[in-house]
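Chemist: I'll drop the sequence and a predicted model, then ask my questions.
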Amino acid sequence: MGESPESKPHNAPRPAPPNWGRDALTQWLDQVRGNQWATFARLPDTWARFSAIDGLFERMITDWRDPPDILAAHLFLRCYSAYRTAVAHASAGMAVETHLMCRALLECAGYAIHIMGDPERGVTLLNRSEPDGEQRARDEFAAGRVRRSVATANAGMGERYKTLYGEAINFGAHPNEGAITGSMDITDGENGDRLMKQIMLHEPGPMFDFGLRRVMQSAVVALEIFSHVFPDRFALLGVDADLIHQQSGL
């Protein structure tokens with residue numbers, strides 16, 4: 001198992017194609033990439049941690065043949081994709097949207113271990129689009145039920161999952177108060193009026209730093225959960241030992 005070739009678009013035209021940068025969207029995308037470059041250059045220790053965690057995912061999927069649980073293996077790949085997207089968001093300063101992806105990577109891991117407890121749950125998940133399947137899937141994969149499956153595997157891991165999942169919901173995975181006010185900027189204008197803004201790309205500061213840290217923590221907990229789903233492969237590749245190293249300081 002692994003990434004498909006089309007997921008690696010190395011043939012993008014360089015320099016930029018004609019008319020790139022002439023509209024607001026492409027200008028914004030240029031700013032996104034510029035912020036990511038700045039994070040890479042100015043925070044080398046942070047980026048080294050991101051890269052090391054990425055390497056654990058990459059090691060797991062390289063030459064992965066005949067996984068014992070096909071559905072869980074695909075959830076691992078989706079978790080890996082969510083991690084990389086979370087890094088892209090966080091390093092660009094998309095602090096709120098970062099938490100959407102933190103939730104996604106945690107849920108991929110949580111679903112995998114929930115299915116491990118009862119393989120019929122995997123059938124329920126795959127039959128979601130069938131008549132009456134959506135409600136059965138919603139009931140079976142309710143956040144509380146998934147969280148209990150994580151905690152059953154390891155109580156401490158369950159607490160970490162619960163905390164990170166809850167904060168992902170609070171700060172961006174849902175449009176809750178923390179997501180709205182955390183990115184709000186209010187300035188006093190002339191004539192006593194007030195200007196209220198929503199920040200799309202945060203500069204370094206509390207919200208930016210919080211997003212970076214939550215990506216690392218969520219990814220490490222997701223990998224910890226998958227170590228209970230695929231213990232033999234984690235041990236064979238030494239990913240379990242390296243994961244302990246990545247848990248340090250988070």
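Modeler: Structure received. Note that the structure is a prediction, hence the values are computed from the model and not measured.

Chemist: Now do Met216, the pLDDT please.
Modeler: Per-residue confidence at Met216 stands at 98 (pLDDT).

Chemist: Which helix or strand contains it?
Modeler: helix 206-229 (DSSP states H and E).

Chemist: ok, now Pro18?
Modeler: Going by DSSP H and E, Pro18 is not in any helix or strand.

Chemist: again, but for Ile186
Modeler: strand 184-188.

Chemist: helix or strand right after that strand?
Modeler: strand 194-198.

Chemist: Against which helices or strands is that next one packed?
Modeler: strand 184-188 (3 or more Cβ pairs under 8 Å, 6 or more residues apart in numbering; DSSP states H and E). The way it works is simple: take the backbone N, C-alpha and C, and place the C-beta from them, glycine included.

Chemist: Output the strand it packs on as CSV - backbone C-alpha positions only.
Modeler: The C-alpha trace of strand 184-188 is given here as CSV (Å, rounded to 0.1, in the frame of the first residue of the first chain):
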residue,chain,number,x,y,z
MET,A,184,-11.0,38.1,15.6
ASP,A,185,-9.2,41.4,15.5
ILE,A,186,-11.0,44.5,16.6
THR,A,187,-9.6,48.0,16.1
ASP,A,188,-10.9,51.4,16.9
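
Chemist: Going by contacts, tell me the helices and strands next to that strand.
Modeler: So strand 184-188, by 3+ Cβ pairs under 8 Å, 6+ apart, packs with strand 194-198.

Chemist: The strand it packs on pairs with which strands, parallel or anti?
Modeler: Under the criterion DSSP bridges, strand 194-198 sits next to strand 184-188 (antiparallel) in its sheet.

Chemist: which residues are contacting the strand it pairs with?
Modeler: The set of residues external to strand 184-188 that reach it, using Cβ atoms under 8 Å, 6 or more residues apart in numbering, is 194-199.

Chemist: Buried ones among these?
Modeler: The neighbour-count criterion (16 or more other Cβ atoms under 10 Å) marks Ile199 among those as buried.

Chemist: and of the contacts of strand 184-188, the nearest to Ala52?
Modeler: Nearest to Ala52, judged by Cβ to Cβ, of these is Ile199 at 29.3 Å.

Chemist: Help me confirm that the closest one comes into contact with Ser183.
Modeler: Yes: contact status for Ile199 versus Ser183: in contact at 4.6 Å, counting by Cβ atoms under 8 Å.

Chemist: Overlap in contacts, the two.
Modeler: Common neighbours of Ile199 and Ser183 (Cβ under 8 Å, 6+ apart) are 95, 207.

Chemist: Done for today, thanks.
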